[in-house]
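>>> Starting from these lines, generate the structure:
(one chain, ligands or ions: 1)
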Amino acid sequence: MDTANQAFKENEDKIRTQFLTTLAKPESDYFRKISMQNFGLIDSPDCNSTDKDRIDKCNYNIAIGLTSMAKAEITGVFSGNKFSASTQSLSDRQYILQNKTYKDILASLKKDLLGKAASPENEKKVKDLIFPKIKKLLAQKVNDLPIDEKKKSIMMDKIKGIQYAGTNCEELAEGMAADFIPNAFYSPAAQTFTICGGYLGNNFSDFKIARTIAHELAHSIDPCRIESAPEGMKISYTNKKDLAKMEDEYPIKGLIACLRSEKSIMATRQPQSPKNSESATSSSEKKTTDNKETADKPYSFCDGDQITESVADWFGDEVLVEYISQNYPELTTEQWQNGASNVFRQVCTPPSASDVQTPYDHHPEVQARIDRLLLVNPSLRKKMGCTKSHSKFIYCDAKNPDSMAKLVGGKKECPSCKESSPQSPAKNTSTTIQGGVR
Ligand SMILES: [Zn+2]
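Prediction:
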């Protein structure tokens, strides 16, 4: 159970009692009425009675509804309670959400519950210790790769320029859910990194946090966002009509081809439907579109392509091993095994059955991210006491583009045009849980 749900569950009775106490006060009459209206209780005999027991019964039902709303705000998910979305119109609900009485109660709950989510010590540790170190290690990693010197310095400058932006995640979730959401993100425009409260509670793992930060910072140089900076500080593709050329031009030679390979994470591009193509073309061009990316539409790595997440994952794994090795040099192989298990613990979901159609997700499936990327990393394998390389999948060794190309098996014809097959790892994992960029 995630931190927000746990905090809510532990406090559910207390929250309901707080609503009950408030509803019983004469000065809360207006708040009580808008709540009755909202939950469809305005004509309820109990609520219109003068009998104390019946009024208490009515208030209890209102309090259940309000607690359910508070849950939605705390956890970001509706509880499915009969008093939630089904019977209420959004506008009535808004009157409650904006009401001062409701807001005051939520504010006092927030004070109580926050201690159970983000701990100030954990945040301080991220801000003063882990974030600066990861930033340095990621820049160092780029420095160690065979990249054109000019491009390398642009990439390193970009990483070094990322600032820590705190824990305000209100753009990801409404109300209190923002304080509990287990997420972290890189903002290309602001050039910042933000970590949300759900990562800073008692589920804190250095392995998970280090890798998450490295993953997010690596988004600054992923095949999409490498283009996102002012002129002179970005790396642009010369011909956006030629996908293979764009992949070739990505400064880390051979990495995209390797990550697209079936022997690696198999990062796919979303098959383009006519609707997708049309929405991306301007309305003045009413062209008939076929089932492929049309010739007049420039290619982009930014939408419907798992390569950005895969590159960020690749860097995340690399930097994770470096960070833990440097900061916890005494760990045993067993401790490394446990630490590695913590990396995806929070988002561990069983793979979906191959006959279940899930919508396209730009994150490869969690199992693939573990089996095909994390667990093929040779430095990690060594630390974990694995004596051989992975029996099924290959490590994309970006330090040695030639050997990497050999492992991938030479260039295929437009490897990235391949559509995701039912067996591919292109299945659904929650984007809100595993970090994102905005
Ligand atoms: Zn990501």
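>>> And the next helix or strand past the worst-scoring helix or strand of the chain on mean pLDDT?
For the chain, the helix or strand with the lowest mean confidence is helix 274-280, at a mean of 44 (criterion: mean pLDDT, DSSP states H and E). As assigned by DSSP states H and E, the chain's next helix or strand after helix 274-280 is helix 307-327.
>>> what's the lengthiest helix in the chain packed up against?
Longest helix in the chain, counting residues (DSSP state H): helix 52-75. If contacts are counted by 3 or more C-beta pairs under 8 Å, 6 or more residues apart in numbering; DSSP states H and E, helix 52-75 sits against helix 3-24, helix 29-38, helix 45-48, helix 90-98, helix 100-114, helix 177-180. Every residue, glycine included, has its C-beta placed from N, CA and C.
>>> Can you tell me which residues in the stretch 251-400 of the chain are near the ion?
Neighbours of the ion within the stretch 251-400 of the chain, by C-beta under 5 Å from the ion: 309, 312.
>>> Low-confidence ranges, the stretch 251-400 of the chain, go.
Where the stretch 251-400 of the chain drops to pLDDT under 70, the residues are 273-295, 349-358.
>>> rerun at 80
271-296, 346-360 (pLDDT under 80).
>>> ditto for the stretch 1-150 of the chain
Low-confidence segments of the stretch 1-150 of the chain (pLDDT under 80): 1-8, 72-91, 107-118.
>>> switch the cut-off to 90
Within the stretch 1-150 of the chain, the stretches with pLDDT under 90 are 1-12, 14-15, 38, 68-101, 103-120.
>>> Show me the helices in the stretch 101-250 of the chain, by range?
Applying DSSP state H, counting those that start in this stretch to the stretch 101-250 of the chain gives helices spanning 120-124, 131-144, 149-160, 177-180, 206-218, 243-249.
>>> got the angle between the fifth one and helix 149-160?
Between the axis of helix 206-218 and that of helix 149-160 there is an angle of 130 degrees, by axes from the mean of the first three to the mean of the last three C-alpha atoms, to 10 degrees.
>>> Is there proximity between helix 206-218 and the ion?
No. Helix 206-218 lies out of reach of the ion by C-beta under 5 Å from the ion, never closer than 5.6 Å.
>>> ok now that helix, how far from the chain's centre?
Centroid separation for helix 206-218 versus its chain: 12 Å, with C-alpha atoms, centre = their mean, to the nearest Å.
>>> Count the residues that sit near residue 364.
26 (other C-beta atoms under 10 Å).
>>> Regarding it, what is its secondary structure?
Recorded secondary structure, residue 364: coil (DSSP: H, G, I helix; E, B strand; the rest coil).
>>> ok, it touching residue 310?
Yes. With contacts counted by C-beta atoms under 8 Å, residue 364 reaches residue 310, the gap being 6.5 Å.
>>> Quick check: neighbours shared by those two?
Common neighbours of residue 364 and residue 310, using C-beta atoms under 8 Å, 6 or more residues apart in numbering, are 265, 267.
>>> which residues of the stretch 301-438 of the chain fall in helices?
Under DSSP H, counting those that start in this stretch, the stretch 301-438 of the chain gives helices at 307-327, 333-343, 366-368, 378-383, 401-408.
>>> from the ones you listed, which stretch is densest packed?
Of all the helices of the stretch 301-438 of the chain, helix 307-327 has the most neighbours on average by mean count of other C-beta atoms under 10 Å, namely a mean of 24.
>>> which helices and strands sit right next to that helix?
helix 131-144, helix 206-218, helix 255-260, helix 333-343, helix 378-383.
>>> For residue 19, find the nearest of these.
helix 206-218 (35.4 Å; C-beta to C-beta).
>>> got a list of contacts for the closest one?
Residues contacting helix 206-218 (C-beta under 8 Å, 6+ apart): 126, 130-131, 134-135, 137-138, 159, 162, 184-186, 193, 195, 199, 311-320, 323-324, 327-328, 339-340, 342-346, 435, 437.
>>> Between the two ends of stretch 122-135, how far is it?
18 Å (C-alpha to C-alpha, to the nearest Å).
>>> Break the chain down into its structural domains.
Here the domain parsing of the chain from automatic domain parsing is 3-114, 122-270+298-438.
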